[in-house]
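In: fold the following, please.
(2 chains)
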Amino acid sequence: MAQSALAISRKTGISAALLVLALIVLALGAVISRAETGAGLGAADWAAIRFTVLQALWSSGLSVLLAVPVARALARRRFFGRGALVTLLGAPFILPVIVAVLGLLAVFGRSGWLNTALEAAGLPAVSIYGFHGVVLAHVFFNMPLATRLLLMGWQNIPSERFRLAAQIRLTPRAMFRAVEWPMLMQVVPGALALVFVICLTSFAVALTLGGGPRATTIELAIYQAFRFDFDLGRAALLSVVQLVLAGGMALLVLRLVPDITLGGGLDRMMPRWDARGGVQRIVDTIVIVLAALFLLVPLVAVVWRGVQGWAQMPAQVYHAAGISIMVAIASIAVLLGLALPMAGWIAARKADGGEAIGLLGLSASPLMIGTGWFIVINPVADPFDFALVVTMLVNAMMALPFALRILVPPMRDAVRQYGRLSLMLDVQGWRLWRVVLLPRLRAPIGYAAGLTGALSMGDLGVIALFADPDRVTLPLQMVRLMGAYRMDAAAGAALLLLALSLGIFWICDKGGRWRAEA
Amino acid sequence: MLKLDDALIVQDDFRLEADFTLEAGRKYAVIGPSGAGKSTLLGALCGFIPLARGVMLWNGQDITNTSPAVRPMTMLFQDNNLFPHLTVLQNVGLGLRPDLGMNAAERAKVEAALEQVDLAAFAQAKPGNLSGGQQSRAALARVLVQARPLVLLDEPFAALGPALRNEMLDLVQDMAAQTGAALLMVTHAPDDVRRIADEVIFVEGGRAHAPRLAAALMDNPPPELRAYLG
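Out: Reported below is the predicted structural model:
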């Protein structure tokens, strides 16, 4: 029956998709045209490739490995604050990378809380810089994501299985093998794949915690070739490498990636009859406490240090904050302009799979696109004049895969339920959007907009390539303060950035649900 | 009035043939086993499903490929007849102005229709705050303002209790009498057929049979219909 409900204009949707494709393909073409293959890849480049893959392997492995006990404990324990903790697991998604890095530095850094404690105990200090630091930061970001995916896996196990297992008195070990292990085998590959791909294109973490010949990701190497050596040929060549590696990997593994529902894991709790033993209860408690501390302490540190450093913030910080807000709002507008028609087109299609176009954005690295567009613009105009425009476009594109995953299912429902009625009443074209689709999708639109705003607000990618003193976003301003060892001022800026990111998310998300009915 | 000439409706591997004429102002019941294609037939009449073969004529004019919006008919679906985010007034108003921009005269017309279905007090309510019967009446009010010469009912009252359903069918009949519209309604209940229908279209075995007079058909059903009625 679905074919009858095609009341949505396909043209706009396809045009939006083609625009996204053109943005990527043009950048790619520019990069390939300028890539200097003559010299080939140097030793430093190979080191960057090795480091990128190695840290991504470690980061995804550790994230998922640590997520298993946390998700298991959360799935079978009910305690005060469980809901808040599950919500907190979603926070790193909208947390600016640079803010988290500052929080991690406050805890694990050279003069951080951990090393102060170690020193007091007469133990040797640990260093957060280099490989360890990069992996630590990636685990901080992705362990919560993996936990939520696994938690959903646990909650999707039919409760009858647990009842049956209780009736035949399975031991906890047998229970794990019969019920939980098969579920893990299904969910873990997807979680690993997703985290691995995310870590492959890591830039901000590597920029702040990595660096040097032994801890440079490809993304960072592009930046350095571009910014420090102004070697466009090498930046272009590295971009091609990045695209082949991350894009190829994404195409290979993204089929495994499960649906990302950021609201998941909150609802019903199933009664469990196993794992009532004292030892397991203690283990679960320890796991939950440790996970909560790992997430909370760096955030508390950001707030604590931020309050102290607030007064030290130079005026540029506020200027940068203003630019960031503008870029974020523009990114939201661009994202909605692309995602809504695309979602409408995908939802009206009979076959699934249109979301794949959005995934292109995930596999294309922001710095590759930035480099490409620099090359495109350079002959005709001053690329630095377009710094904010390109940033805004790239930010919107990076949010596109998530926005489509949020928007397409409710859009599909709306078309299925009201497509015929709208068609019969001649509610079509722009009218269909105004009268039916936009009101029906208010909540998911607000959510997608909030996510985009927060991601854009905290983004540190393309802007680092293009930045000049006049056009600095807040995250970049923070990096500059950190580079100048003005850590107090940076901490104040981090708090401001944190507040802005969460604020824009909250406003959009709440705005979408405000006085919304059925 | 409406003529299906050698029509074939194809949906995936389902096929339904139809060749008949509907007359203005008559009331037709569409009966037949589940899955025989009753809803498909209505979908094709309304223009949601294209004809694979044949033509559809309205007073001699070919409407085979026109959009559902411009066809001289309106339909009540099994569910989702109202937009939950719009008020009752807006939902009914969509029947006149698909862009929601009603003028005073149109608004008065909508309010009169709501008055007629006893929903005047609920004009500003959202459908979610209405009972099932009230929701059906709101949908009927829209059919009333649309005033199309043919009204298709795809079991819109199936979820209502027997008393409420009879009430709705009476209301539909009143409205049809008022606007002079022809009715075409899918039903499973032989009682409904006797209660309302002038003629019956029996859908079975990949064919929508031409309408036959209801009383004669129900009193002396052919073997396939007898098998269906039990």
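In: so where's chain B uncertain?
Out: Filtered on pLDDT under 70, chain B yields no residues whatsoever.
In: same check, this time on the stretch 201-350 of chain A
Out: A:253-277, A:350.
In: which stretches of it form helices?
Out: Ranges of helices in the stretch 201-350 of chain A, per DSSP state H, counting those that start in this stretch, are A:204-209, A:218-227, A:232-242, A:248-253, A:278-309, A:315-348.
In: hmm, the last one touching chain B?
Out: No: under the criterion of Cβ under 8 Å from any Cβ of the partner chain, chain B is not reached by helix A:315-348; the shortest gap measures 13.6 Å. In short, each C-beta sits where N, CA and C put it, glycine included.
In: buried set for that helix?
Out: A:316-317, A:320-321, A:323-325, A:327-332, A:334-336, A:338-348 (16 or more other Cβ atoms under 10 Å in any protein chain shown).
In: one more: the third one?
Out: By neighbour count, and taking 16+ other Cβ under 10 Å as the criterion, the buried residues in helix A:232-242 are A:232, A:234-242.
In: for B:Arg212, see how far away the closest residue in space to A:Val179 that isn't next to it in sequence is.
Out: Nearest residue to A:Val179, sequence neighbours excluded (Cβ to Cβ, 6 or more residues apart in numbering or on different chains): A:Arg161, at 5.2 Å. Using Cβ to Cβ, to the nearest Å, we find A:Arg161 at a distance of 55 Å from B:Arg212.
In: what's the answer for A:Phe374, then?
Out: Distance, A:Phe374 to B:Arg212, using Cβ to Cβ: 76 Å.
In: and the two? which has more neighbours close in?
Out: Counted by other Cβ atoms under 10 Å in any protein chain shown, A:Phe374 and B:Arg212 do not tie: A:Phe374 has more neighbours, with 25 against 16.
In: which residues sit against the helix or strand encompassing the more buried one?
Out: Applying DSSP states H and E as the criterion places A:Phe374 in helix A:366-377. Helix A:366-377 has contacts (Cβ atoms under 8 Å, 6 or more residues apart in numbering or on different chains) with A:23-24, A:26-31, A:33-34, A:201, A:203, A:219, A:222-223, A:226, A:232, A:235-236, A:239, A:242-243, A:383, A:386, A:390, A:394, A:397-398, A:459, A:461-462, A:465-466.
In: list only buried entries from the residues you listed.
Out: Buried members of the contacts of helix A:366-377, counted by 16+ other Cβ under 10 Å: A:23-24, A:27-28, A:30-31, A:34, A:201, A:203, A:219, A:222-223, A:226, A:232, A:235-236, A:239, A:242-243, A:383, A:386, A:390, A:394, A:397-398, A:459, A:461-462, A:465-466.
In: re the thing from before, now whichever strand or helix holds the residue nearest to A:Val179: average pLDDT?
Out: Element membership of A:Arg161 [criterion: DSSP H and E] is helix A:159-167. When pLDDT is averaged along helix A:159-167, the result is 78.
In: which positions in chain B make contact with chain A?
Out: Checking chain B against chain A by Cβ under 8 Å from any Cβ, the hits are B:11, B:43, B:46, B:48-49, B:67-70, B:74-75, B:77, B:80-81, B:83-86, B:94-95, B:98-100, B:126-128.
In: and the residues you listed, which are buried?
Out: Using 16+ other Cβ under 10 Å as the burial test, the residues of chain B next to chain A include B:11, B:43, B:46, B:48-49, B:68, B:74-75, B:77, B:81, B:83-86, B:94-95, B:98, B:126-127 as buried.
In: now, these that are in helices?
Out: In this view, those that belong to helices under DSSP state H are B:43, B:46.
In: what's the closest non-adjacent residue to A:Leu438?
Out: A:Ile445 (7.1 Å).
In: so which elements touch the helix or strand that contains the one you found?
Out: A:Ile445 is part of helix A:442-458, with elements assigned from DSSP H and E. Contacting helix A:442-458 under the criterion 3 or more Cβ pairs under 8 Å, 6 or more residues apart in numbering or on different chains; DSSP states H and E are the following elements: helix A:82-94, helix A:97-108, helix A:315-348, helix A:387-424, helix A:487-513.
In: list the beta-bridge partners for the most centrally placed residue in chain B.
Out: For chain B, the residue nearest the mean C-alpha position is B:Leu152 (1.6 Å; Cα atoms, centre = their mean). Taking DSSP bridges as the rule, B:Leu152 bridges to B:Met75, B:Leu184.
In: give the contact list for it.
Out: Neighbouring residues of B:Leu152 by Cβ under 8 Å, 6+ apart: B:42, B:45-46, B:73-76, B:184-185.
In: and it, how far from A:Val327?
Out: Counting by Cβ to Cβ, the gap from B:Leu152 to A:Val327 is 52 Å.
In: please apply the same query to B:Glu224.
Out: Distance of B:Glu224 to A:Val327, given as Cβ to Cβ: 69 Å.
In: residues touching the residue nearest to A:Leu438, list them.
Out: A:336, A:340, A:407, A:438, A:512.
In: chain center to stretch A:198-206, what's the gap?
Out: Stretch A:198-206 sits 10 Å away from the centroid of its parent chain (Cα atoms, centre = their mean, to the nearest Å).
In: what is the end-to-end distance of it?
Out: Here the two ends of stretch A:198-206 are set 13 Å apart, with distance taken as Cα to Cα, to the nearest Å.
In: would you mark the buried spots in it?
Out: For stretch A:198-206, the neighbour count (16+ other Cβ under 10 Å) marks A:198-206 as buried.
In: save the residues you listed as TSV, and put in distance to A:Ala178 too.
Out: Below are those laid out as TSV (distance: Cβ to Cβ, whole Å):
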residue	distance to A:Ala178
A:Ile198	32
A:Cys199	33
A:Leu200	35
A:Thr201	38
A:Ser202	38
A:Phe203	43
A:Ala204	43
A:Val205	39
A:Ala206	42
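In: which one of these sits closest to A:Gln167?
Out: For the buried residues of stretch A:198-206, the minimum distance to A:Gln167 (Cβ to Cβ) is 41.5 Å, reached by A:Ile198.
In: show me which residues of the stretch 401-518 of chain A sit near chain B.
Out: Residues of the stretch 401-518 of chain A lying near chain B by Cβ under 8 Å from any Cβ: A:417-418, A:420-421, A:423-428, A:431, A:434-436, A:439-440, A:517-518.
In: any idea how far B:Val145 is from chain A?
Out: As judged by Cβ to the nearest Cβ, to the nearest Å, B:Val145 and chain A stand 11 Å apart.
In: list of residues touching the host helix or strand of that residue?
Out: For B:Val145, the element it lies in under DSSP H and E is helix B:132-146. Among residues not part of helix B:132-146, those counted as contacts by Cβ under 8 Å, 6+ apart are B:74, B:76, B:81-82, B:88, B:91-96, B:109-110, B:113-114, B:116-119, B:122, B:127, B:130, B:151, B:156-157, B:159-160, B:164, B:167-168, B:171-172, B:175, B:178-179.
In: quick one, that helix and helix A:387-424 angle?
Out: Going by axes from the mean of the first three to the mean of the last three Cα atoms, to 10 degrees, helix B:132-146 is angled at 90 degrees with respect to helix A:387-424.
In: buried residues, helix B:132-146. List them.
Out: Neighbour counts over helix B:132-146 (16+ other Cβ under 10 Å) mark B:133-146 as buried.
In: domain map for chain A?
Out: Split into domains by automatic domain parsing, chain A comes to A:1-32+A:313-518, A:45-305.
In: so which of those is the most surrounded?
Out: Most buried of the domains of chain A, by mean neighbour count (mean count of other Cβ atoms under 10 Å in any protein chain shown): domain A:1-32+A:313-518, with a mean of 20.
In: returning to what we had before: the helices and strands packed on helix A:442-458: which one's closest to A:Leu118?
Out: Smallest distance to A:Leu118 across these (Cβ to Cβ): 10.4 Å, for helix A:97-108.
In: alpha carbons only: can I get the closest one in CSV?
Out: C-alpha atoms of helix A:97-108 as CSV (Å, rounded to 0.1, in the frame of the first residue of the first chain):
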residue,chain,number,x,y,z
VAL,A,97,35.9,16.9,22.8
ILE,A,98,38.1,19.6,23.9
VAL,A,99,36.1,20.1,27.2
ALA,A,100,36.4,16.4,28.0
VAL,A,101,40.1,16.6,27.2
LEU,A,102,40.5,19.4,29.7
GLY,A,103,38.6,17.4,32.3
LEU,A,104,40.8,14.4,31.7
LEU,A,105,43.9,16.6,32.0
ALA,A,106,42.7,17.9,35.3
VAL,A,107,42.4,14.4,36.6
PHE,A,108,45.1,12.5,34.8
